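Novice: Need a 3D model of the sequence below.
(2 chains)
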Amino acid sequence: MHEKIMVATMGEYMDEIMKYTLDIIQERKTEVIGIYVVETSTPFLTPKKVKEMMATELRDQGEEILESMRQEFQSSKHYMINFKKLLREGDPAEEIVKAAEEEGVDLIILGTGKDIIDKRLLGSVSEKVVHSAPCNIMLIKTI
Amino acid sequence: MFELFILILALIISLIIVIKAADVFVDSIVEIGLALGISEIILGVTASAVGTSLPEFGSAMIAILTGSPDVGVGCAIGANIWNIAGILGVSAIFAGLITTKMEEVRRDGSMAFLTTLTITVALLLMGEISFVVGIILIIMYVVYLWILIRAQKSSKDREIECCEVDEKNRDLNKKTILMAVLGLVGLAIGCRAIVYCTVELSVMASIPEVLAGILLAFGTTAPEFFTVLTSAKKGLNSLAIGTVFGSNIFNILIGLGIPSLLVTIPVEPITIYFDAPVMVFMTLLLLFLIKRGMKLTRVEGIILVASYIIYIVTRLTIFS
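Specialist: Residues are numbered from 1 along each chain as shown, chains lettered A, B, ... in the order given. A predicted model of the protein is given here:
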């Protein structure tokens, strides 16, 4: 049914997200794109050196997360999956939607991620993606 | 009323100038250091420790040297209390969870506690910050920097074992030197303006200078506030807690240590018997909350912020 799936993660609840992705794929030949977005925005008075440090740390973190996704999705038992890593920088929701359009995916999978207080205080990437995604979305209830 | 408005506006503008000038200065100094062949590890460790704390250091230094020592001492101690109870508390409330590592708490947390304890005991015994105390504080900072650099080196060595290192030779250009000078000038002028506005505002509001210094810390710690809040929200927990501990250590050991080499710093009894012990208590409270599970939760953030509110209300009402 779905030939190209984008799995978005910030590193949390990866096991649940990957489990549901594999459930959907089953034995079909599918292309899976793992995406991690380095959020580079910082307030005006954040020191430049700190901004650089944050971006480097998040890039390293993203590489690690995508690598562990690759190891899971490209293991021998999931021979039918063709996995691709995507590390982007910018606003997470915007970048996920943009990448989904560019790659022509037909399903985006991501976690709901936060409880109600976190959503109020931090905002929700999944809510933003829901409103502007170019394809179907599967939200995994992680909280 | 108009004068009050102008002073507050001038204070805000000076704070922004100081924070941006500190940023330019640190950035240029790192470039110059690299061009002169100073190790990237030493520069990196020093720049991240100094970077966010220069506004407090500059303001405290200028205040002490221009005859308003209470503003300087209030700014350094006030910044330390606000860093822990206010900044880390607010960040834990927003981020929901800030985790840390035992190794970092042992190294930076213990040093932050030792620092606050040393200055408080020195104040209780001597009632002022003398040249000798200044020397002790600076030696402690040098030892701490050495420990930090050693820790950074061993983690870099581990990286080198697996990866290729990109060694870049950088040239020293005139623009970098000019930017360093401009940063320093901006820092000096901005800090002088901050101290002037703070003293004038304290006279207008009829509050003691030391209390004005404590309140000034809200502004001078803006780089810490944005660094800690943003990194906690992004899940960069080591950076969040490390910034608070690093800044608190720097504010006392260097922020009060360097000026005391030039002039003995007199300290008000209220600071010795109330503000400094509160600073020790807040450091202990943070260590107690963190050590329970190597994390700060939203509830613990509320406890920290509540402690700050109790402190500042007590300070403004009973001890002002």
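
Novice: wait, does stretch B:59-68 contact chain A?
Specialist: No - for stretch B:59-68, no contact with chain A is found by CB under 8 Å from any CB of the partner chain; the gap never falls below 15.3 Å. C-beta here means a position set from N, CA and C on the backbone, and glycine is covered the same way.

Novice: What lies in contact with that stretch?
Specialist: Residues from elsewhere that reach stretch B:59-68 (CB atoms under 8 Å, 6 or more residues apart in numbering or on different chains): B:18, B:69-73, B:75-76, B:188, B:191-192, B:194-195, B:198-199, B:209, B:213, B:216, B:220, B:251, B:255-256, B:258-260, B:262-263, B:265.

Novice: can you do 7 Å?
Specialist: B:69, B:71-72, B:75-76, B:191-192, B:194-195, B:199, B:209, B:216, B:220, B:255-256, B:258-259, B:262-263, B:265 (CB atoms under 7 Å, 6 or more residues apart in numbering or on different chains).

Novice: mean confidence score for that stretch?
Specialist: Stretch B:59-68 carries an average pLDDT of 90.

Novice: Distance from the chain centre to it, please.
Specialist: 16 Å (CA atoms, centre = their mean, to the nearest Å).

Novice: can you check stretch B:284-297 too?
Specialist: That offset, for stretch B:284-297, works out to 20 Å (CA atoms, centre = their mean).

Novice: quick check, it touching chain A?
Specialist: No - counting by CB under 7 Å from any CB of the partner chain, chain A has no neighbours in stretch B:284-297; the shortest distance is 11.8 Å.

Novice: Just the buried residues out of the contacts of stretch B:59-68, in ChimeraX syntax.
Specialist: Buried residues among the contacts of stretch B:59-68 (16 or more other CB atoms under 10 Å in any protein chain shown), as a ChimeraX selection:
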select /B:69,71,72,75,76,191,192,194,195,199,209,216,220,255,256,258,259,265
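
Novice: Among the contacts of stretch B:59-68, which are located in strands?
Specialist: residue B:265 (DSSP state E).

Novice: where's residue A:99, which helix or strand?
Specialist: For residue A:99, the host element (DSSP states H and E) is helix A:92-103.

Novice: now swap in residue B:293 and tell me
Specialist: Counting by DSSP H and E, residue B:293 is found in no helix or strand.

Novice: What about the residue of chain A positioned farthest from its centre? Give its phi and psi, please.
Specialist: Distance from the C-alpha centroid of chain A peaks at residue A:45, with 28.8 Å (CA atoms, centre = their mean). Torsion angles at residue A:45 (phi, psi; degrees, to the nearest 10) stand at phi -90, psi 10.

Novice: again, but for residue B:264
Specialist: Here residue B:264 shows phi and psi, under degrees, to the nearest 10, equal to phi -70, psi 130.

Novice: neighbours around residue A:94, how many?
Specialist: 15 (other CB atoms under 10 Å in any protein chain shown).

Novice: State the number of residues packed around residue B:83.
Specialist: Count around residue B:83 with other CB under 10 Å applied: 31.

Novice: pLDDT value on the nearest residue to it once chain neighbours are set aside, please?
Specialist: Once flanking residues are discounted, residue B:83 sits nearest to residue B:244: 4.9 Å by CB to CB, 6 or more residues apart in numbering or on different chains. Looking at residue B:244, its pLDDT is 92.

Novice: what do you get for residue B:158?
Specialist: 62.

Novice: Report the buried residues of stretch B:305-320.
Specialist: Quick answer for stretch B:305-320 (16+ other CB under 10 Å): B:305, B:307, B:308, B:311, B:312, B:315.

Novice: Stretch A:77-95 too?
Specialist: Residues A:78, A:81, A:83, A:85, A:86, A:88, A:91, A:92, A:93, A:95 are the ones in stretch A:77-95 that count as buried (16+ other CB under 10 Å).

Novice: Can you measure across that stretch, start residue to end residue?
Specialist: The stretch stretch A:77-95 measures 31 Å between its terminal residues, going by CA to CA, to the nearest Å.

Novice: For it, give the mean pLDDT please.
Specialist: Mean predicted lDDT for stretch A:77-95 stands at 91.

Novice: does residue B:107 really touch residue B:147, like I thought?
Specialist: Yes - when contacts are counted by CB atoms under 7 Å, residue B:107 is listed as touching residue B:147 (6.5 Å).

Novice: Please identify which of those two sits among more neighbours.
Specialist: residue B:107 (17 against 14).

Novice: so who does the more buried one touch?
Specialist: Contacts of residue B:107 (CB under 7 Å, 6+ apart): B:147, B:151.

Novice: Return the set of buried residues in the lengthiest helix in chain A.
Specialist: In chain A, with assignment by DSSP state H, the single longest helix is helix A:48-73. Within helix A:48-73, the residues that count as buried by 16+ other CB under 10 Å are A:49-51, A:53-55, A:57-58, A:61-62, A:65-66, A:69, A:72-73.

Novice: Need the distance between the two termini of stretch B:121-134.
Specialist: With CA to CA, one end of stretch B:121-134 sits 13 Å from the other.

Novice: contacts for that stretch?
Specialist: For stretch B:121-134, contacts defined as CB under 7 Å, 6+ apart pick out B:256, B:257, B:260, B:261, B:264, B:265, B:266, B:267, B:272, B:276.

Novice: picking that back up, surely the residue nearest to residue B:83 is in contact with residue B:82?
Specialist: No - here residue B:244 does not reach residue B:82: they are 10.0 Å apart, not a contact under CB under 7 Å.

Novice: Could you tell me which residues make contact with the residue in the stretch 201-320 of chain B that chain A sits nearest to?
Specialist: Chain A sits closest to residue B:226 of the stretch 201-320 of chain B, with a gap of 4.3 Å, by CB to the nearest CB. Residue B:226 makes contact with A:42, A:43, A:45, A:46, according to CB under 7 Å, 6+ apart.

Novice: If you rank every helix and strand of chain A by mean pLDDT, what lands last?
Specialist: Least confident helix or strand of chain A, by mean pLDDT, DSSP states H and E, is helix A:116-122 with a mean of 66.

Novice: Low-confidence stretches in chain A?
Specialist: Along chain A, the model assigns pLDDT under 70 to residues A:113-123, A:143.

Novice: how about the residues of it that lie near chain B?
Specialist: Going by CB under 7 Å from any CB, the residues of chain A near chain B are A:39, A:42-43, A:45-50, A:53-54, A:57-58, A:118, A:121-122.

Novice: In contact with the residue farthest from the centre of chain A, which residues?
Specialist: Residue A:45 touches B:19, B:222, B:223, B:226, counting by CB under 7 Å, 6+ apart.

Novice: Kindly reformat these as TSV containing pLDDT.
Specialist: Converted to TSV, those look like this (pLDDT from 0 to 100):
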residue	pLDDT
B:19	89
B:222	88
B:223	87
B:226	89
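
Novice: now residue A:135, nearest residue through space, not along the chain?
Specialist: The shortest distance from residue A:135 to any non-neighbouring residue, by CB to CB, 6+ apart, is to residue A:106 (5.2 Å).

Novice: The one you found against residue A:1, yeah?
Specialist: No - look at residue A:106 against residue A:1 with CB under 7 Å: they stay out of range, at 8.5 Å.

Novice: Right, I'll call it a day here.
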